[in-house]
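1. let me see the structure of the following:
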Amino acid sequence: MKTWDELKKEGSKHYRDTDGIQPIDLYRDLGIFRSWAIAEICQHAIRNIGSGPDENPVSTKDMQKIIHYAELLIAACGEKETHENSIES
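-> Residues are numbered from 1 along each chain as shown. Predicted coordinates for the structure are as follows:
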């Protein structure tokens with residue numbers, strides 16, 4: 001399983017190249033990352049609901065984003081105790 005930092009490096013280029021704080025780090029520090037990530041997963045999944053593949057083909061890009069957000073969510077939940085301890089220091 002990849003770590004939080006490894007997964008962040010796979011995100012959008014405009015976030016990877018920044019030396020500042022990424023929005024997802026802020027969401028995690030504020031304790032809203034879990035809700036945000038689930039909402040993002042739902043948003044990209046709902047975009048692909050349709051009557052059939054001819055009318056609304058599945059977007060590979062959306063599916064890749066769902067996987068990426070899910071992996072981030074798993075990494076964040078697995079690191080939650082460690083991350084909370086580092087905030088208290």
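2. scan this structure for its longest helix.
-> Ranked by residue count, the top helix of the chain under DSSP state H comes out as helix 60-78.
3. so, low pLDDT: which residues of this structure?
-> Applying pLDDT under 70 to the chain picks out residues 11-19, 51-53, 55-56, 79-89.
4. just the helices from it, written as ranges.
-> Taking DSSP H as the criterion, the chain contains helices spanning 4-8, 13-16, 23-30, 33-46, 60-78, 80-88.
5. quick one: buried residues of the first one?
-> Yep, that's helix 4-8 we're talking about. Burial within helix 4-8, assessed by neighbour count using 16 or more other C-beta atoms under 10 Å, is assigned to W4, L7, K8. All C-beta atoms are positioned from the backbone trio N, CA, C, and that covers glycine.
6. next: the third one.
-> Applying a neighbour-count criterion of 16+ other C-beta under 10 Å, one finds I24, Y27, R28 buried in helix 23-30.
7. not counting sequence-adjacent ones, nearest residue to the last one?
-> Setting aside the residues directly before and after it, R28 is nearest to A76 in space (C-beta to C-beta, 6 or more residues apart in numbering), at 5.9 Å.
8. so the one you found sits against S35, correct?
-> No. Counting by C-beta atoms under 8 Å, no contact exists between A76 and S35, whose distance comes to 11.5 Å.
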